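Engineer: I'd like to go over a predicted model; first the sequence, then the structure.
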Amino acid sequence: MDGLAGLAALVRRETGITLASSRETALRSALRRAAPGLGPDAFLREAADPVRGPAAVARLVDEVTTQETTFARDRRQFDAIDWPELLRQASAGGDTGIRAWSAGCATGEEPYTLALLATEAFAPVTVPVDVLGTDISGAALAAARTGHYRPRAVQGLDSVLRQRYLTRDRDGSYRVGGRLRGMVRFRRHNLIRDPIPPAGEAPFDLIVCRNVLIYFEPPVARRLMSAFERAVRPGGMLILGAVDSLCRYRPGSGHRPAPGPCRAPGARPVPGPRAGARQQAEPGTAQQAPATAGGPQRPAGRSAREERLTGALAAADRGDAEAALAEANLLLTEDPMDPDAHFVRGLVRLSAGDPAGAVDALRRALYSDAAFALAAFTLGRAHDELGDTTAARRAYRQALRTLDPDDERHEFMLQQVDIGDIAAACRARLGGEA
Ligand SMILES: C[S@@+](CC[C@H](N)C(=O)[O-])C[C@H]1O[C@@H](n2cnc3c(N)ncnc32)[C@H](O)[C@@H]1O
């Protein structure tokens, strides 16, 4: 194994994050920042040193992890937290306050947001709320502890909340006030290596692990999901990132998951499939044409279709596979080429643990609309589940090529999932080749 491949293997062992050795430039520059002047082989020797090794590895981990986060990121997910209900459950378990864990909290915006929202939810009453923020990156945690942020990080908070909980420095940056600081503690924790819940921590009423699982291989992510399920108190809540939910790492029973990425009924109208989109298929992602070749004949009245698709997505989102498939099948009787209906079928199959069925459905979606980036992304996840990394990479490349921030369909299909998060997830799965 050459030095760089050895470095990628070390990162994977330490963090669970797969970096292809093809990610040469990114890995080399992370190494340059972590250990200036050391080449991969020299670094590996340093990493093996019992005294200097752990600090060297920690510096590399700081450099290879993605710490993108903001206050109130994906706000709708936070809005789904029923704080009084969490308190009721905690009291039923004999506790006087709520215990929350933000796992993979990066520079701390997420745990501070949880503390802020809990305070707002109970105001003017003060309820004890203990928020633990953990991350593998010591540098990220050091920044979290300072509680000092650039304006961009707090943009998601309205000005009233900013004034109430943060103070503004002369240079325009913000500092988290004492009230929130008193509710949040930080500690280093490696989701791959360390016990879950972290040593000495009792089960939590709320676990938030967003935009972290996407960096891990599906079996690792699934193992973590099960561990989180055990670490959350019955009746508690587990929140994954919207992109993680799109990957259908669904929580099991016994606690309440947050809403997934699909829109609930009554939300904005569904844009129809785009005309002329049947082109640019990545070789291998498109399958044979379904029965009615010759182009989709879109039904004239869009409203019935909109309603049906909304219902199908909502059913898929709440895990009601039967209802979702029934709605999708009705759409397909009207238009056997309907890419949205095939997409819903793909999501349901993937959730049901049938990645081969998902591949089939998603290929059909992409046959009808090769620019359907979400279908390509989900197809990548399905191939990952099947262990077919070559096909998965092809699909992620197709998703990256076709992700279009102005595509209305993404707004409709996903609630507050940042297209940038999906692009980052594709890049992570491609090991930085993109
Ligand atoms: C994109 S940030 C997510 C921040 C925040 N949860 C959010 O959604 O805004 C991903 C974080 O996961 C952390 N991470 C990666 N691998 C980890 C591991 N094995 N154990 C704990 N944290 C890890 C990274 O250091 C990084 O801070």
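Structural biologist: That came through, no problem.
Engineer: Show me which residues of this protein are close to the ligand?
Structural biologist: Within the chain, the positions near the ligand by C-beta under 6 Å from any ligand atom are 15-17, 65-69, 73, 104-106, 110, 135-137, 140, 190-192, 210-212, 215, 241. C-beta here means a position set from N, CA and C on the backbone, and glycine is covered the same way.
Engineer: Would you show me how to pick out the buried ones of those residues in ChimeraX?
Structural biologist: Of the residues of the chain next to the ligand, the buried ones can be selected in ChimeraX as follows, counting by 16 or more other C-beta atoms under 10 Å:
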select :15,16,17,65,69,73,104,105,106,110,135,136,137,140,191,210,211,212,215,241
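Engineer: Cross the residues of the chain next to the ligand against strands and list the overlap.
Structural biologist: Among those, the members falling in strands (DSSP state E) are Asp135.
Engineer: what's whichever strand or helix holds Ala328 packed up against?
Structural biologist: According to DSSP states H and E, Ala328 maps onto helix 321-334. Packed against helix 321-334 by the contact rule (3 or more C-beta pairs under 8 Å, 6 or more residues apart in numbering; DSSP states H and E) you find helix 302-317, helix 339-351.
Engineer: got any ranges where the stretch 101-250 of the chain has weak pLDDT?
Structural biologist: Scanning the stretch 101-250 of the chain for pLDDT under 70 picks out the ranges 242-250.
Engineer: all strands for it, in order.
Structural biologist: 129-135, 148-149, 166-168, 174-176, 184-188, 204-209, 232-240 (DSSP state E, counting those that start in this stretch).
Engineer: Tabulate those strands in TSV, adding columns for distance to Ala370.
Structural biologist: Putting these into TSV (distance: least, C-beta to C-beta, whole Å) gives the following:
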stretch	distance to Ala370
strand 129-135	38
strand 148-149	41
strand 166-168	46
strand 174-176	44
strand 184-188	44
strand 204-209	33
strand 232-240	29
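Engineer: who wins for proximity to Asp158 among those?
Structural biologist: Nearest to Asp158, of all the strands of the stretch 101-250 of the chain, is strand 166-168, at 11.8 Å by C-beta to C-beta.
Engineer: residues of that closest one that come out buried?
Structural biologist: Within strand 166-168, the residues that count as buried by 16+ other C-beta under 10 Å are Leu166.
Engineer: Pairing partners for that strand, with directions?
Structural biologist: Applying DSSP bridges, strand 166-168 is found paired with strand 174-176 (antiparallel).
Engineer: Can you tell me what sits against the partner strand?
Structural biologist: 108, 112, 147-151, 153-154, 162, 165-169 (C-beta atoms under 8 Å, 6 or more residues apart in numbering).
Engineer: Closest one to the ligand out of these, please.
Structural biologist: Nearest to the ligand among those: Gly108, at 9.3 Å, using C-beta to the nearest ligand atom.
Engineer: Just give me the neighbour total for that closest one.
Structural biologist: Neighbour count for Gly108, taken as other C-beta atoms under 10 Å: 29.
Engineer: nearest spatial neighbour of it, skipping sequence neighbours?
Structural biologist: Ala144 (2.8 Å; C-beta to C-beta, 6 or more residues apart in numbering).
Engineer: Can you get me a residue count around Asp158?
Structural biologist: 10.
Engineer: wait, doesn't Ala58 sit right on Ala140?
Structural biologist: No: counting by C-beta atoms under 8 Å, Ala58 does not reach Ala140; the two are 11.3 Å apart.
Engineer: how about the helices of the stretch 151-300 of the chain, start to end?
Structural biologist: Along the stretch 151-300 of the chain, counting by DSSP state H, counting those that start in this stretch, helices occupy 159-165, 178-181, 218-231, 242-246.
Engineer: Switch those over to a markdown table; also include mean neighbour count.
Structural biologist: Converted to a markdown table, the helices of the stretch 151-300 of the chain look like this (neighbours: other C-beta atoms under 10 Å):
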| stretch | mean neighbour count |
| --- | --- |
| helix 159-165 | 15 |
| helix 178-181 | 15 |
| helix 218-231 | 17 |
| helix 242-246 | 25 |
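Engineer: okay if I get those helices as JSON lines plus distance to Leu38?
Structural biologist: Converted to JSON lines, the helices of the stretch 151-300 of the chain look like this (distance: least, C-beta to C-beta, whole Å):
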{"stretch": "helix 159-165", "distance to Leu38": "43"}
{"stretch": "helix 178-181", "distance to Leu38": "37"}
{"stretch": "helix 218-231", "distance to Leu38": "29"}
{"stretch": "helix 242-246", "distance to Leu38": "34"}
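Engineer: Of all those, which one comes closest to Leu347?
Structural biologist: Judged by C-beta to C-beta, the one of the helices of the stretch 151-300 of the chain that comes nearest to Leu347 is helix 242-246, at 8.1 Å.
Engineer: Look up how far the ligand lies from the residue nearest to Arg429 when sequence neighbours are not counted.
Structural biologist: Leaving aside its sequence neighbours, Arg429 sits nearest to Tyr396 (C-beta to C-beta, 6+ apart; 5.0 Å). Using C-beta to the nearest ligand atom, to the nearest Å, Tyr396 is found at 17 Å from the ligand.
Engineer: any idea whether Tyr396 is helix, strand or coil?
Structural biologist: Following DSSP: H, G, I helix; E, B strand; the rest coil, we place Tyr396 in the helix state.
Engineer: if we can go back for a sec, which among the strands of the stretch 101-250 of the chain is found nearest to Ala47?
Structural biologist: That would be, of the strands of the stretch 101-250 of the chain and by C-beta to C-beta, strand 184-188, which comes in at 17.9 Å.
Engineer: Would you mind listing the outside residues contacting the closest one?
Structural biologist: So strand 184-188 is contacted by 105, 108, 111-112, 114-115, 130-136, 138, 141, 144-145, 198 (C-beta under 8 Å, 6+ apart).
Engineer: Tell me which strands it pairs with, and in which orientation.
Structural biologist: Within its sheet, strand 184-188 is paired with strand 129-135 (parallel), according to DSSP bridges.
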